[in-house]
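Asker: just a sequence and a predicted model for now, questions to come.
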Amino acid sequence: MSQNDVPDFAELMADCRQTAVHLEMRDSYAVSYEDKDFATWRETGRWDNPEYWEPWTTLVRAAVGRGVQMRRVRIVSEPVSEYI
């Protein structure tokens, strides 16, 4: 299979019919575009950026609407970081 034949994540989710498991194995993603939001969360305990999550929540709503059971598994180091 060539790289061009590999479906993107949205296509994979659209084809999901029973169960989807999101496996996370990082303690922090350390991406610079989250710095301001993370700092705000640390100061206020809130993170109000619904536009950021819109593509993900749209995929999840569609999958759950089809009866797909969504689960997340996260492997973490100890002690757990503030990011987690």
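Answerer: Alright, I've got the coordinates.
Asker: what's the single longest helix in this structure?
Answerer: Longest helix in the chain, counting residues (DSSP state H): helix 50-65.
Asker: helices along this structure, start to end?
Answerer: If you assign secondary structure with DSSP H, the helices in the chain sit at 9-15, 35-44, 50-65.
Asker: nearest residue to the middle of this protein?
Answerer: Using C-alpha atoms, centre = their mean, the residue of the chain that lies closest to the mean C-alpha position is Trp56, 6.7 Å off.
Asker: against Pro50, how distant is that one?
Answerer: When C-beta to C-beta, to the nearest Å is applied, the distance between Trp56 and Pro50 equals 11 Å. The C-beta positions use only the backbone N, C-alpha and C, and glycine is treated the same way.
Asker: least trustworthy helix or strand in the chain by mean pLDDT?
Answerer: helix 35-44 (a mean of 86; mean pLDDT, DSSP states H and E).
Asker: what's that helix in contact with?
Answerer: Applying C-beta atoms under 8 Å, 6 or more residues apart in numbering, the external contacts of helix 35-44 come out as 46-47, 49, 52, 82-83.
Asker: list the buried residues of that helix.
Answerer: Of all the residues in helix 35-44, those buried under the rule 16 or more other C-beta atoms under 10 Å are Trp41.
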